[in-house]
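Participant: Next one to model:
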Amino acid sequence: MIEAFFWMTHGHRPQQAALLAVKRAFGDRIGTVGSRIDGRMDHVPADLVLAEPKDDRAFVDMIETHARDLRSRTGDIPVVVLAMHRRRELLAEAESLSRAGVVLLAGSADTEMLDLCEDKYRFAEFMRVAFPAHALQTHLVINSSGLEAAVVGIEATGAEACVKPPIGVFGRGFWHLSRKTPPSAMFTGSPDFEERRKVCPDLFRAAYAADPKPL
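Facilitator: Reported below is the predicted structural model:
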């Protein structure tokens with residue numbers, strides 16, 4: 001008997017693995033729903049697979065409509081929606097979605113906090129002030145000299161540096177600058193480069209110098 005539905009919208013990089021993990025953990029107790037905006041339905045191992053409309057209003061309506069339909073066939077059970085894009089549009093309709101049985105997980109119920117979380121440097125500064133014991137050393141760099149200074153400063157503590165654009169999610173642009181990773185890893189299909197996102201710092205700095213952007 002289904003006790004709840006778990007709906008993962010498009011956006012999560014590990015959407016496929018996460019849906020499979022939910023099924024392994026809960027079996028038929030949890031009904032799974034997966035939706036995508038790019039048409040790659042083959043990436044969605046869910047009980048119900050849906051195409052997301054590009055229009056934001058239509059996207060919100062789709063979630064509400066399908067939530068009501070699922071509940072009409074299975075009883076008053078929650079439809080837990082893990083939303084990682086168009087979150088502001090969903091939060092704006094949170095009351096209506098709640099009446100449809102949707103439990104909305106959007107990272108925060110506060111749009112200002114969403115803005116803070118989406119800017120990684122602002123979030124790091126917030127953590128440094130509010131929770132200093134849990135804050136990582138973080139620098140904002142905009143050019144090669146700034147990158148060099150930040151890497152040197154981090155490595156002086158005995159740690160290795162990681163870089164990522166300040167705006168963006170799902171691991172896009174993340175690299176671990178590891179001196180244990182040779183430059184050749186980039187060209188040989190090494191798991192360090194392909195899967196662990198590790199790259200030789202000197203190689204990364206050379207590439208960054210050709211096209212510097214905020215990190």
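Participant: any idea which element Phe6 lies in?
Facilitator: Element membership for Phe6 (DSSP states H and E) is strand 4-8.
Participant: Arg88 too?
Facilitator: Take DSSP H and E as the rule and Arg88 turns out to sit in helix 87-92.
Participant: Remind me what that helix packs against, helices and strands.
Facilitator: Applying 3 or more C-beta pairs under 8 Å, 6 or more residues apart in numbering; DSSP states H and E, we find helix 87-92 packed against helix 56-74, helix 111-118. All C-beta spots, glycine's among them, are computed from the backbone N, C-alpha and C.
Participant: Looking at those helices, which one is packed in the most?
Facilitator: Comparing the helices and strands packed on helix 87-92 by mean neighbour count (mean count of other C-beta atoms under 10 Å), helix 56-74 comes out on top with a mean of 16.
Participant: who touches that one?
Facilitator: Here helix 56-74 makes contact (C-beta atoms under 8 Å, 6 or more residues apart in numbering) with 2, 5, 7, 9, 31, 33, 35, 48, 50, 52-53, 77, 79, 81, 86, 89-90, 93, 96-97, 100-102.
Participant: try 6 Å
Facilitator: Residues external to helix 56-74 that are found in contact with it (C-beta atoms under 6 Å, 6 or more residues apart in numbering): Ile2, Phe5, Glu52, Pro53, Val79, Arg86, Glu89, Glu93, Leu97, Ala100, Gly101, Val102.
Participant: how about the strands in this protein?
Facilitator: 4-8, 30-36, 48-51, 79-82, 102-105, 161-163, 175-177, 198-199 (DSSP state E).
Participant: In JSON lines: the ones you listed, plus mean pLDDT and distance to Thr111.
Facilitator: Listed next are these as JSON lines, based on pLDDT from 0 to 100; distance: least, C-beta to C-beta, whole Å:
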{"stretch": "strand 4-8", "mean pLDDT": "96", "distance to Thr111": "21"}
{"stretch": "strand 30-36", "mean pLDDT": "96", "distance to Thr111": "22"}
{"stretch": "strand 48-51", "mean pLDDT": "96", "distance to Thr111": "25"}
{"stretch": "strand 79-82", "mean pLDDT": "96", "distance to Thr111": "17"}
{"stretch": "strand 102-105", "mean pLDDT": "96", "distance to Thr111": "13"}
{"stretch": "strand 161-163", "mean pLDDT": "96", "distance to Thr111": "28"}
{"stretch": "strand 175-177", "mean pLDDT": "97", "distance to Thr111": "30"}
{"stretch": "strand 198-199", "mean pLDDT": "96", "distance to Thr111": "35"}
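Participant: Any idea which of the helices and strands packed on helix 87-92 has the lowest pLDDT on average?
Facilitator: Of all the helices and strands packed on helix 87-92, mean pLDDT reaches its minimum on helix 111-118 (a mean of 87).
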